[in-house]
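# 3D, please:
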Amino acid sequence: DNDNDNDNDNDNDNDNENDNENENEILIKRYIELLNSICVISNNNDNNFLLIKNLKECENFCFEEEFKQLIIEKQMILIFKQLLIKNLYDVKIQILIYNILSNIISENNFLKELIIKFEMIEIIKQSMIIHINNADIQNLIYSIFMYLTYDNSKNQLLFIERKEFLLLIKQSMIYFISNSDVQYRIIGTLYNLTDTNRIINDLIKQGFLSLLI
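As a prediction, the model looks like this:
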């Protein structure tokens with residue numbers, strides 16, 4: 001009897017493993033469908049309803065390694081860049097894409113490098129200016145900045161070389177002086193920048209400090 005029980009237990013274990021594998025395969029298939037659909041929308045038409053639906057679903061998968069891998073393989077950062085440019089004034093799409101970007105780069109240095117490599121920063125800068133009064137967008141953008149500048153002196157230098165960013169940061173700080181979320185992320189970004197670089201320390205002494213206090 002005991003032997004039979006053991007056999008049954010083994011069968012159950014195998015079933016569970018198979019179920020997990022199947023679930024995983026189904027998920028990966030879904031990731032591919034989603035990302036392919038977003039690519040098609042980006043290249044061919046402006047079906048914003050479907051785009052928003054797809055992006056919302058993508059938000060659920062941002063922390064899955066297989067999903068991040070597909071984003072790298074399919075060069076989705078370029079597609080997201082294209083969509084941000086096409087939909088510069090669409091608050092909903094901007095928020096969804098920036099949320100996805102913020103989540104996928106949080107623990108992935110390679111994706112951070114791609115954001116820099118594909119010059120996403122220029123587009124982000126445009127969004128910052130256009131949506132200066134939108135706390136959600138500013139919050140997500142500074143969340144991206146925090147991740148990009150954390151522990152990476154190469155990225156930090158890149159930010160500092162473009163002094164207009166510091167002016168935008170200053171503007172955001174004034175605009176959102178009473179918004180603790182945005183302030184927290186701005187200060188986090190500045191903290192990362194001051195961590196390794198004298199240039200920004202000097203710039204902060206020249207005028208940022210009064211805002212921080």
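# Per-residue pLDDT of the closest residue in space to D90 that isn't next to it in sequence, please?
The shortest distance from D90 to any non-neighbouring residue, by Cβ to Cβ, 6 or more residues apart in numbering, is to N48 (6.9 Å). (Each C-beta comes from the backbone N, C-alpha and C, glycine too.) N48 carries a pLDDT score of 90 in this model.
# Now do the same contact list for N48.
N87, D90, I93 (Cβ atoms under 8 Å, 6 or more residues apart in numbering).
# list the buried ones in the host helix or strand of the last one?
According to DSSP states H and E, I93 maps onto helix 91-105. Applying a neighbour-count criterion of 16 or more other Cβ atoms under 10 Å, the buried positions in helix 91-105 are 93-105.
# what's the answer for stretch 115-122, then?
For stretch 115-122, using 16+ other Cβ under 10 Å, the buried residues are I115, I116, M120, I121.
# Just the residues you listed: which are in helices?
I115, I116, M120, I121 (DSSP state H).
# Just to check, the first one is in contact with I77?
Put plainly, it is I115. Yes. Between I115 and I77 there is a contact at 6.2 Å, judged by Cβ atoms under 8 Å.
# in this structure, which spans are helices?
2-44, 48-59, 65-73, 76-86, 91-105, 109-117, 120-130, 135-149, 153-161, 163-175, 180-196, 198-203, 209-212.
# so of these, which one's packed in deepest?
helix 135-149 (a mean of 23; mean count of other Cβ atoms under 10 Å).
# now it: mean pLDDT?
Rounded mean pLDDT across helix 135-149 is 93.
# Compute the inter-axis angle for that helix and helix 120-130.
On the basis of axes from the mean of the first three to the mean of the last three Cα atoms, to 10 degrees, helix 135-149 is oriented at 150 degrees to helix 120-130.
# For helix 135-149, name the packing helices and strands.
helix 91-105, helix 109-117, helix 120-130, helix 153-161, helix 163-175, helix 180-196 (3 or more Cβ pairs under 8 Å, 6 or more residues apart in numbering; DSSP states H and E).
# before we move on, the earlier item: now list whatever residues contact both of I115 and I77.
Residues touching both I115 and I77 by Cβ under 8 Å, 6+ apart: L101.
# Mind pulling up the pLDDT for the closest residue to K56 other than its chain neighbours?
Distances taken as Cβ to Cβ, 6+ apart put L96 closest to K56, at 6.5 Å, once the chain neighbours are dropped. Predicted confidence (pLDDT) for L96: 98.
# can I assume L96 is in contact with E59?
Yes. Here L96 reaches E59: they are 6.9 Å apart, a contact under Cβ under 8 Å.
# same for the helix holding I93, what does it pack against?
helix 48-59, helix 65-73, helix 76-86, helix 109-117, helix 120-130, helix 135-149.
# so where's this protein uncertain?
The model of the chain has pLDDT under 70 over residues 1-17, 153, 156-157, 160-163, 195-213.
# wait, doesn't K112 sit right on N155?
Yes. Under the criterion of Cβ under 8 Å, K112 makes contact with N155 at 6.9 Å.
# Now the common contact residues for those two.
Residues touching both K112 and N155 (Cβ under 8 Å, 6+ apart) are L148.
# Please report how far Q138 lies from C62.
20 Å (Cβ to Cβ, to the nearest Å).
# My error: substitute L34 in the last question.
Distance from L34 to C62, by Cβ to Cβ: 12 Å.
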